[in-house]
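S.K.: Got a predicted structure plus its sequence, pasted below:
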There are 2 protein chains.
Amino acid sequence: MLTRLSRRFQSTRALTVGDRVVISKRVDKSDINEFARLSGDTNPIHSGDRPLVHGIYLAGLVSGVIGTKLPGNGTIVVSKTLRFTNACYAGDLVKIEVEIQTIRKLVRCGFWCRVGDKVVMEGTADVINKRLTKNQTPDNTV
Amino acid sequence: MLTRLSRRFQSTRALTVGDRVVISKRVDKSDINEFARLSGDTNPIHSGDRPLVHGIYLAGLVSGVIGTKLPGNGTIVVSKTLRFTNACYAGDLVKIEVEIQTIRKLVRCGFWCRVGDKVVMEGTADVINKRLTKNQTPDNTV
């Protein structure tokens, strides 16, 4: 899994609006089969010659970025919206991008999963992160 | 995993508003560890003596019900909203309920994950299902 952090994120410890993380992950049939077994989602659209990737597996990869990279360890997700805008198949290289959009009592993260130029999933997550709350300035506590 | 289908769901092939499926699943540490490995979400809140269950793992269990039971095989999820309202820990017995709320061009499913009397996650999924579209009556195609 490749990881690229935005310059702004690398250069400062206190997180701010616009901070961004991008990772890439090629999803293969074994990932799909493991997720099907773990979740019980054995819908036949996720098997056969050209299986669709489970949308919630993509949402899990987004949670992996939110929970370990941006905002990072200790983050608790309060709510999430997900829109599945295009099909994602086994073998696709998925680019997962998370960006800090607003910092108030909750922090809003926007996210996008892309295959080539197509967005296959996008959405937002409202999260709590103690590190962010401690570091936030008066300007972003409204 | 226990499964209970509502009487209405068992007695008719054509699905209608109010149809409901409930399953129960005890989530253990091995489920959490497998999901952490698969998603990359190794946030420390999901480890230790009393690990929190990943919210997206619960969403995956909901997808399992939607994709295999109600509406069932062939269902494609277009969008989903998730609210995480209480903590869910390793060892908890989670009751997962899915209900058909509206049938229009898209079918809206409401869902709830409960531990005892507490809702730990709730939300909605807008889905496409060919079987439902074929069987829907003029009353529910608006």
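M.R.: That came through fine. Residues are numbered from 1 along each chain as shown, chains lettered A, B, ... in the order given.

S.K.: In terms of helix, strand or coil, where does the residue nearest to residue A:35 when sequence neighbours are not counted fall?
M.R.: Distances taken as C-beta to C-beta, 6 or more residues apart in numbering or on different chains place residue A:57 nearest to residue A:35, at 4.5 Å, with adjacent residues excluded. No exception for glycine: its C-beta is placed from N, CA and C like everyone else's. When classified by DSSP: H, G, I helix; E, B strand; the rest coil, residue A:57 comes out as helix.

S.K.: show me the contacts for residue A:57.
M.R.: Shown in contact with residue A:57 (C-beta atoms under 8 Å, 6 or more residues apart in numbering or on different chains): A:27, A:31, A:32, A:35, B:38, B:39, B:60.

S.K.: which residue ranges form the helices in chain A?
M.R.: The residue ranges that make up the helices of chain A, judged by DSSP state H, are A:7-11, A:29-39, A:55-68, A:130-135.

S.K.: Which pLDDT value does the model give the spatially most central residue of chain A?
M.R.: Per C-alpha atoms, centre = their mean, the C-alpha nearest to the average position across chain A is that of residue A:62, at 1.9 Å. Per-residue pLDDT puts residue A:62 at 98.

S.K.: Quick check: the farthest pair among the contacts of residue A:57?
M.R.: Greatest spatial distance among the contacts of residue A:57 (C-beta to C-beta): A:27 and B:60, at 14.8 Å.

S.K.: out of these two, which sits in the busier spot?
M.R.: Using other C-beta atoms under 10 Å in any protein chain shown, the more surrounded residue of residue A:27 and residue B:60 is residue B:60, with 26 against 23.

S.K.: Tell me which residues touch that one, please.
M.R.: A:35, A:38, A:39, A:40, A:41, A:54, A:56, A:57, A:60, B:35.

S.K.: so which of these comes closest to residue B:21?
M.R.: Nearest to residue B:21 among the contacts of residue B:60 is residue A:40, at 12.0 Å by C-beta to C-beta.

S.K.: And residue A:43, how close does it get to residue B:66?
M.R.: According to C-beta to C-beta, to the nearest Å, residue A:43 and residue B:66 sit 8 Å apart.

S.K.: So between the two, which is more surrounded?
M.R.: Neighbours around residue A:43 and residue B:66, counted as other C-beta under 10 Å, are more numerous at residue B:66. The numbers are 26 against 23.

S.K.: just to revisit the earlier point, want to throw the contacts of residue A:57 into a markdown table with distance to residue B:100?
M.R.: Shown next, in a markdown table, are the contacts of residue A:57 (distance: C-beta to C-beta, whole Å):
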| residue | distance to residue B:100 |
| --- | --- |
| A:27 | 30 |
| A:31 | 30 |
| A:32 | 27 |
| A:35 | 25 |
| B:38 | 30 |
| B:39 | 29 |
| B:60 | 20 |
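
S.K.: So which of these is surrounded by the most neighbours?
M.R.: Most surrounded of the contacts of residue A:57: other C-beta under 10 Å gives residue B:39, at 28 neighbours.

S.K.: Identify the residues contacting that residue.
M.R.: By C-beta under 8 Å, 6+ apart, residue B:39 lies in contact with A:57, A:60, A:61, A:63, A:64, B:54, B:56.

S.K.: can we see that at 7 Å?
M.R.: Neighbouring residues of residue B:39 by C-beta atoms under 7 Å, 6 or more residues apart in numbering or on different chains: A:60, A:61, A:63, A:64, B:56.

S.K.: per-residue pLDDT, it?
M.R.: 95.

S.K.: Nearest residue to it in space, please, no chain neighbours.
M.R.: Sequence neighbours aside, residue A:60 is the residue nearest to residue B:39 in space, at 3.4 Å (criterion: C-beta to C-beta, 6+ apart).

S.K.: Could you measure from the one you found over to residue A:17?
M.R.: 25 Å.

S.K.: What of residue A:125?
M.R.: Separation of residue A:125 from residue A:17 (C-beta to C-beta): 15 Å.

S.K.: same question, residue A:99
M.R.: Taking C-beta to C-beta, one finds residue A:99 at 9 Å from residue A:17.

S.K.: Specify which residue of those two has the higher count of neighbours.
M.R.: Just comparing residue A:99 and residue A:17: by other C-beta under 10 Å the higher neighbour count belongs to residue A:99, 19 against 14.
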